[in-house]
Each structure stands twice: as structure tokens, then as C-alpha cells.
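K.L.:
Task: produce atomic coordinates for the following.
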Amino acid sequence: MARRILRAGLPGIVDVAARAGVSPATVSRYHNSPELVRPETRTRIADAVQKLGYKPHAARSLTASRTGSVGLIVPTIDNAIFAGMVHAFSTALFRHARTMLLAEHDYDLGREAILVESLLVNGVDGLALVGLEHKDETLRQLEACERPVVYVWNYRRRQKVPCIGFDNREAGRSGMEHLLDLGHRDILALFAQTRANDRTADRRAGALNALARAGVKIPTHRRVMCPYDVQASKDVVVDILTREPRPTAIFATNDVIAQGAYFAVMSLGLRIPEEISIIGLGDFPGSSALEPGLTTLRIPARRIGQHAADALIDMLTWPSSDIDRDQKFSVELTVRGSTGVPAAKTNQGTGKKRMT
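P.N.:
Numbers count the residues shown, from 1 in each chain. Take a look at the predicted model:
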């Protein structure tokens, strides 16, 4: 439904391929080298083109000469999560006399597929996509376009295209282990939405793995899904902390959520880290300026953006090269004042201490 609304009925190469029962690559081949397509297949594609009203200029543009532009599609530009990477990506392309075309899909992978088609139709020389999870429609387009493509931000081995980022499972595990090493056992885990977001899903998996390895079980009500929004995160945490017993620490899958939690703790007059420790992930703007500073895991966002742009330029310059362009970056645990050893707490109304 989203596809039909956003594209206003304008058919694309994937629509033709689906109707004809072939791959997008075959449709592109039909328009550019029809003699390489079997007669019966050409008939089916021609019928699909006619019935859909598809304009073959889109297929031609997939193999057109270079335009000097490179596409980058990110989940959001509404906060600072990807700002450093986008800036470095654009700067690196500029040094190579290339222009960045930026688009966001708002954590909607169906919308991402539409944006991929739009950028390809407009002749981008290459594409960078955030994350490893994409719609089958997107993957078919990438296979058909014969343009260099890289995945950024998340990293796993043995992907079909170059993968440039960091292991989000390791990052989530490292953050949770920091709290466990300090002695925290009653931990509030704030997880961002995992729908259309393999990065936060991996961080969640890593954090839960760290808890399991330490033999620590946190109840379901201590595992909370939280929006990517400082105010929303603050509201969620205020509601939780006004109940007893309170957790001794808060783990957040990114600094946006962690900053909201930080403001919630401050608004309730609780001391950081004496009464509650907080750790985030990302080291976004403002995290170091809090008082005390937010403990977090620093993502090398600018290095990821620069390396991704350089990799695409290399792939454009030497398309037949078999150089492995995968790049795994490490995240750095940056310990500031927001985490510390938990103190024994007195349960409200009982006078009894509970060990943390």
C-alpha cells in the first residue's frame, strides 16, 4: 500500500519483473540487450510493460553513464544518530568530485525499496544503505542495477556486498558488561524499537547475552521498548522510577534514550551515579556535557562514513578488482561520571535493606 501511495501509480522495473515472473536484471537486459533474452520471456516482459505503462527510460538509466552522484539512505535525519557519518560521507565524496544524494526511510523498509528505485532511476553511481536487513524487493534491485553498493553501520561477516561498520552485538554486550562488572544486578534495560532496525536488535541480543553469561535474570518489566526521543524516554523512565523498588542502573541502546533517562533521574532529585547509574551507546553531542558526563560507547561514525565513501569510489574506479572492502570498526567504552558501584538501598516503607 505504501508503495502505491508514494509512487502515485508510477510503475518501476521491479513491478514489471514481478508481473512477468522474472528478475529485475532480466527486465534491464530486455531493454538494453534484448537478443540475450529468450523469445518467450521477451513476450512476457513486453506484455507487462504495456499493461503497466512502464517507461523504459528508467531501465536505460540503470546502465547510463555516470552522473557524479552517490546515494545514501539512512533511517532518520530527525536526530544526531547518523549526523557524523553523513557529514564524513559527504565530505569524502566531495574530495573525489562527487555529490551525495541523501534520503531517509523513517524505519520503513518498504519505503526504503521505493527510495532505492528512485535513486537508481535518477542515475546515482553507487549506493550506501544503513544496516543489513532489507526487503527482498530492495535486494533484487541492488542485484539488477550493476552499481557499487555498500552496507554501513552494522557489521557481520560474509555479506553479499561490502559491509562497513561495527558489531552491534558486541557493543550491546560491552555496555551491559560494564554495569555487571560494577556489581549492578537490578538493571532497567531501555531498548529502542527493533522493527526495521537490525542494529538495535543486535544490541538487545548482545545485552541479554551478557546478562545470561553472568547468570543474571532481569524481569520482563525491566525490559522496556522506548522511542528514539529524549522527551519520550524521560516520560517512560519517570513513570518507572516513581515505583518501588527502583533499579540501581539503566542500560540504554543509544545516547538519545540515555539522555532522556538522565533527565528523568535528575527531575526526581536522584543522584547519579550514587543512586542510579546510566550508560548509553553512541557518544552523541551533549553526552559529554552532562554533569556528570554520560558513560557511553563511542561509535566511530565519521570513520565509517569516510571509509564507505572511499570504498564506493574505489569500486567505481576499479570495478573488476576483487579487493575485500569489508571494514569492521571497534567501539570504545568511554567511562564518565554517570556509572559507579551500586549502594545498598532501603526498601521504602520496610526499613529493610536489599542487596544490589
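K.L.:
Please, where are all the strands along the chain?
P.N.:
For the chain, the strands defined by DSSP state E cover 69-74, 99-104, 126-130, 149-154, 163-166, 187-192, 223-226, 249-252, 277-279, 296-298, 327-329, 332-334, 345-346, 353-354.
K.L.:
Point out the most buried one among those.
P.N.:
Highest mean neighbour count of the strands of the chain: strand 249-252, a mean of 30 (counted as mean count of other Cβ atoms under 10 Å). Backbone N, C-alpha and C define where each C-beta goes, glycine included.
K.L.:
Sheet partners, orientation included, of that one?
P.N.:
strand 187-192 (parallel), strand 277-279 (parallel) (DSSP bridges).
K.L.:
Could you export these to TSV, including columns for distance to S287 and mean pLDDT?
P.N.:
Shown next, in TSV, are the strands paired with strand 249-252 (distance: least, Cβ to Cβ, whole Å; pLDDT from 0 to 100):
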stretch	distance to S287	mean pLDDT
strand 187-192	15	97
strand 277-279	10	98
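K.L.:
how about these in JSON lines, adding distance to V86?
P.N.:
Shown next, in JSON lines, are the strands paired with strand 249-252 (distance: least, Cβ to Cβ, whole Å):
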{"stretch": "strand 187-192", "distance to V86": "19"}
{"stretch": "strand 277-279", "distance to V86": "25"}
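K.L.:
quick one: which of these is nearest H105?
P.N.:
strand 187-192 (15.9 Å; Cβ to Cβ).
K.L.:
and the closest one, how far from the chain's centre?
P.N.:
18 Å (Cα atoms, centre = their mean, to the nearest Å).
K.L.:
Then stretch 293-307?
P.N.:
13 Å.
K.L.:
can I have it written out in PDB, keeping just the CAs?
P.N.:
Output of stretch 293-307 as PDB, limited to C-alpha atoms (Å, rounded to 0.1, in the frame of the first residue of the first chain):
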ATOM      1  CA  GLY A 293      29.200  13.100  31.900                       C
ATOM      2  CA  LEU A 294      27.400  10.200  30.400                       C
ATOM      3  CA  THR A 295      29.200   6.900  30.300                       C
ATOM      4  CA  THR A 296      28.800   5.500  26.800                       C
ATOM      5  CA  LEU A 297      30.300   3.500  23.900                       C
ATOM      6  CA  ARG A 298      31.800   5.700  21.300                       C
ATOM      7  CA  ILE A 299      30.900   4.800  17.700                       C
ATOM      8  CA  PRO A 300      33.500   5.800  15.100                       C
ATOM      9  CA  ALA A 301      30.700   7.400  12.900                       C
ATOM     10  CA  ARG A 302      32.900   9.700  10.900                       C
ATOM     11  CA  ARG A 303      35.400   6.900  10.100                       C
ATOM     12  CA  ILE A 304      32.600   4.700   9.000                       C
ATOM     13  CA  GLY A 305      31.200   7.400   6.700                       C
ATOM     14  CA  GLN A 306      34.600   8.200   5.200                       C
ATOM     15  CA  HIS A 307      35.500   4.600   4.600                       C
END
